[in-house]
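Student: How does the following fold in three dimensions:
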Amino acid sequence: MPGMIDYKCPCCGGKVEFDSGTQQMKCPYCDTVFDIDALKSKDEALAAAEPDALDWQTPEEQWSGADAAEMGLYICKSCGGEIVADDNTAATHCPYCGNPVILSGRLSGGLKPEYVIPFQITKQQAKDALKKFMSRKKLLPKLFSEDSHLEEIKGMYVPFWLFDAETDVQIHYKATRSRSWRSGDYRYTETQVFDVFRAGNVGFTGVPADGSSKMPDDMMESIEPFDFSLAKPFQTAYLSGYLADKYDVDAEHCVERANERIKTSAAEALRETVTGYASVTPEHVGVQVSQGKVRYALYPVWLLTTSYQGQQYHFAMNGQSGKFVGNMPMDKGAYWKWRLIYSGLIGAAAWVVLYFLSYIF
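Tutor: Numbers count the residues shown, from 1 in each chain. You can find the predicted model right below:
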C-alpha cells in the first residue's frame, strides 16, 4: 500500500494545507504559513539524516586463573598476618599492622591501567573539607556537626574508562520568533517558525566513566572534573598507602554512558551557535563517532562515612581538586522557617511594587 505524507503544523499540530491565495502552505487553525520550498528541503534533509553511529573498539580483557578466583588469601610480608581480598581488590592494607599491600597480579596484562592521577589531597585535608562542607549547609540539623561521628575515611583509586573520539554532528532545530501589537481592542501575535540546521565536528578527549560497580555513577560524575594533564604513566608505587580496585565493569558496558555524555555535550556545543530566536527545539540529532579509542586509568577519590542517630551518611571527594558531594539529613523546622521568610520577602516586595504602581496609574 502506498504511503501517505501529512504535513503537520509545528505550532499547533494541525494539518497544513496549500493556500492558493498566498501560494504557500497554511495552517487553517492558527493561520501559520510555510514556504513550500522550505518544507520540501526539510523533508529531504530529514530523509537523508544519518542515524546515530556510536560504536567503539574496546581493549580485550586478559584474565589469569588467579584473577578469576572470587576471593584471595595473602600473607603480609611485614607481620605474617592473613589478608583476605575479593577478586576486584588491587591495593589494600593489612588489617593487623596497617602495612600497605598491592596485589600486582590484579593489575597486569589487560588489567593494567595506562594512567593514574595521584592524590593531591591528604587525609587531614579531606577531614577538614568535610567539616567545612557541613558548615555551609544552612538546613543541616545543628547537632549533626557536633554529634555525627566520622566512622571511616579511605583514599581509593577508582577505575575509570576514558573515551576519546571525533564526532560528526548534525542537528535540525525548530526555532521561532514572535512579535505582538495592539490594534483597537485586539492584541495580535505573529509567530514565525524557522527550520535551522547545524553541522560540525566536535572532538572529545578523556570522557570518563567509572568501571566499578561499587561506586554510584551519579556520585562519581558529581565530583568531576579531573585534570588529566596531571596524569602519570601507571606505576604501582602510586597505590601504596591507598586502596585500589581493578575494574569489574568492562569498557563495553560503559560505552552507553559515554555515548550519552558525548551526544549531550556535542548537542550543547552546536546549540550555542543558534542565537536570535525566541525558542529553539531540536527535532533530530545525529552523532557519528570516528577514531574512537578507550583508555584505562585510576582516579583518586576520598570516601568518607559518618553516622548520626543510627544512620550512615556517605561522602565522596575528588582526591585531586577537593570537590565534595554527599548526602546529609535536613532540619525540617529550619526548612519551613527559611521558606516562610523567603515567601514573606517575596510578598512584601510584590506589595511595594503594587503600591507604587497604584500611584503611577
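Student: Check the secondary structure at residue 221 for me.
Tutor: helix (DSSP: H, G, I helix; E, B strand; the rest coil).
Student: Tell me, how many residues neighbour it?
Tutor: Applying other Cβ atoms under 10 Å, we find 15 other residues in the vicinity of residue 221. Where you see a C-beta, it was placed from the backbone N, CA and C, and this is true even at glycine.
Student: cool, residue 326 as well?
Tutor: 20.
Student: where do the helices sit along the stretch 51-200 of the chain?
Tutor: 65-68, 123-135, 142-147 (DSSP state H, counting those that start in this stretch).
Student: Name the nearest residue to residue 220, ignoring sequence neighbours.
Tutor: Of all residues not flanking residue 220 in the chain, residue 210 sits nearest, at 4.4 Å (Cβ to Cβ, 6 or more residues apart in numbering).
Student: picking that back up, least reliable of the helices of the stretch 51-200 of the chain by average pLDDT, please.
Tutor: Ranked by mean pLDDT, the helices of the stretch 51-200 of the chain end with helix 65-68 in last place, scoring a mean of 42.
Student: just to revisit the earlier point, just the pLDDT at the residue nearest to residue 220, thanks.
Tutor: 93.
Student: ditto for the one 4 residues further on
Tutor: We have a pLDDT of 86 for residue 214.
Student: do the same with residue 279
Tutor: pLDDT, read off for residue 279, is 93.
Student: How much space separates residue 302 from residue 125?
Tutor: Counting by Cβ to Cβ, to the nearest Å, the gap from residue 302 to residue 125 is 9 Å.
Student: Those two - which one has more neighbours?
Tutor: Here residue 302 and residue 125 are compared on neighbour count by other Cβ under 10 Å; more neighbours surround residue 302, at 26 against 15.
Student: Which stretches in the stretch 201-350 of the chain count as strands?
Tutor: 232-233, 243-245, 279-308, 311-318, 324-326 (DSSP state E, counting those that start in this stretch).
Student: Name the residues that touch the fourth one?
Tutor: Contacts of strand 311-318 from elsewhere in the structure, counted by Cβ atoms under 8 Å, 6 or more residues apart in numbering, are 121, 126, 129-130, 133, 148, 151, 219-220, 222-224, 226, 300-307, 323-329.
Student: Repeat that for the shortest one.
Tutor: Applying Cβ under 8 Å, 6+ apart, the set of residues contacting strand 232-233 from outside is 114, 115, 116, 117, 118, 238.
Student: Only the buried subset of those, as a PyMOL command please.
Tutor: In PyMOL, a selection of the buried entries from those looks like this (16 or more other Cβ atoms under 10 Å):
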select buried, resi 115+116+117+118+238
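Student: Can you tell me which of the contacts of strand 232-233 lies closest to residue 176?
Tutor: Residue 176 has its nearest neighbour among the contacts of strand 232-233 in residue 117, at 45.4 Å by Cβ to Cβ.
Student: Tell me how far the closest one lies from residue 316.
Tutor: Relative to residue 316, and taking Cβ to Cβ, residue 117 is found at 15 Å.
Student: Residue 296 contacts residue 157, correct?
Tutor: No. Using Cβ atoms under 8 Å as the test, residue 296 is too far from residue 157 to be in contact (11.9 Å).
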